[in-house]
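Student: A predicted structure for the sequence below; I have some questions about it.
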Amino acid sequence: MSELTQFTVTEHTASYWCVTFNNPPLNLVNPETILELQKIVGRIEAAHDLIVVVFDSAHPDFFMARYDLTRAADTPTAPGPTGLPTWIDLTTRLEQTRVISIASVRGRARGVGSEFCLACDLRFASIEKAFFGQPEVGAGVIPGGGGIERLTALAGRARALEIVIGGEDFDAETAERYGWINRAVPDEALDDFVDRFARRIAAFDLHAIAETKRLLNRTTLPKSEHLLESQSSFLKATQRPELRVRGGRARQIAIEAGADFELRLGHYLGQV
């Protein structure tokens, strides 16, 4: 996949791949990230022997930090193979492909980063170093990439409201308790745990895994029309004049806080 600039794909075996995100300095998700992820999903679908793919990050502090709102107007929306807009297309296909996808989270997974994790089949995270958040409301927008729909399915209505309306950061142990992730693992054990699990299922029967996932998907995936409505609300919110005012205040706070702003984004958005 030489055309990729933000991701490295390591093919451990024909049945087990690892995809590593690296977009310095903060691992922000931008329009190019979305287009590259769409290409990766296409490669996953075309790999007939592939059983499991692990997504991780090269940055110890940021899995996928958040969406770069300064690029919101450039968000790709061209229909993909499903006929859905780009982000909804790639996350829907990732859910529906027979391949098992695992997010191995070390660092911050906020906003669209959290939403990408939610679109993966399984989520494992570092107890000491993983943090999750849906900070959009605090920034003046709403989660538009599936966070509302998938969080509600996993955590329930009340906890989804707490997460989305509160806009705070959640540590991995709380995320596990809420159902946001499968398991919180000590940081020193995370890589070995995920690798062992991935290799275990990579050795299983491909048809049995694919059929199990297909049957589970029948009653657990969000409706396309709901995802479309949320994305439309997000894109409209980015054009509101009020967002520019909040953005200006946030930028001033960011200047004053320095590097700590992105590390504790949920805390600082409470001051905007």
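Tutor: Now that the structure is in, tell me what you want to look at.
Student: Tell me, how many residues neighbour the residue lying closest to Ile253 once chain neighbours are set aside?
Tutor: Excluding the flanking residues, the one nearest Ile253 by CB to CB, 6 or more residues apart in numbering is Tyr268, at 5.4 Å. To be clear about C-beta, it is placed using only N, CA and C from the backbone, and glycine gets the same treatment. Residues lying near Tyr268 (other CB atoms under 10 Å) number 19.
Student: Ala257 is in contact with Tyr268, correct?
Tutor: Yes - if you go by CB atoms under 8 Å, Tyr268 and Ala257 touch, sitting 5.9 Å apart.
Student: Helix or strand next in line after the helix or strand containing Ile34, which one?
Tutor: Assessed by DSSP states H and E, Ile34 sits inside helix 31-46. Sequence order places strand 52-57 as the next helix or strand after helix 31-46, per DSSP H and E.
Student: any idea which helix or strand comes after that next one?
Tutor: strand 62-64.
Student: Give me the mean pLDDT for that following strand.
Tutor: In this model, strand 62-64 carries a mean pLDDT of 98.
Student: Show me how far that strand is from its chain's centre.
Tutor: 9 Å (CA atoms, centre = their mean, to the nearest Å).
Student: try stretch 262-272
Tutor: Chain-centre distance of stretch 262-272: 19 Å, with CA atoms, centre = their mean.
Student: Please enumerate the helices of the stretch 101-250 of the chain.
Tutor: In the stretch 101-250 of the chain, helices defined by DSSP state H, counting those that start in this stretch lie at 112-119, 136-139, 147-155, 157-166, 172-178, 187-202, 206-217, 224-237, 241-257, listed in chain order.
Student: related to what we said a few turns ago, need the CA coordinates for whichever helix or strand the residue nearest to Ile253 is part of. CSV is fine.
Tutor: Here Tyr268 sits within helix 265-269, counting by DSSP H and E. The C-alpha trace of helix 265-269 is given here as CSV (Å, rounded to 0.1, in the frame of the first residue of the first chain):
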residue,chain,number,x,y,z
LEU,A,265,-9.0,18.5,26.0
GLY,A,266,-12.1,17.5,27.9
HIS,A,267,-11.1,19.6,30.9
TYR,A,268,-10.2,22.7,28.9
LEU,A,269,-13.4,22.6,26.8
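Student: Residue numbering should commence at 696 henceforth.
Tutor: Will do, 696 is the new start, and the previous item becomes helix 960-964.
Student: which of the residues in that helix are buried?
Tutor: Within helix 960-964, the residues scored as buried using 16 or more other CB atoms under 10 Å are 960-961, 963-964.
Student: for stretch 784-804, same thing?
Tutor: Neighbour-count burial for stretch 784-804 [16+ other CB under 10 Å]: 784-790, 792-804.
Student: Excluding residues flanking it in the chain, which one is nearest the residue nearest the centre of the chain?
Tutor: What sits nearest the mean C-alpha location of the chain, by CA atoms, centre = their mean, is Phe811, with 2.0 Å. Spatial nearest neighbour of Phe811, chain neighbours left out: Met759 (5.9 Å); criterion: CB to CB, 6+ apart.
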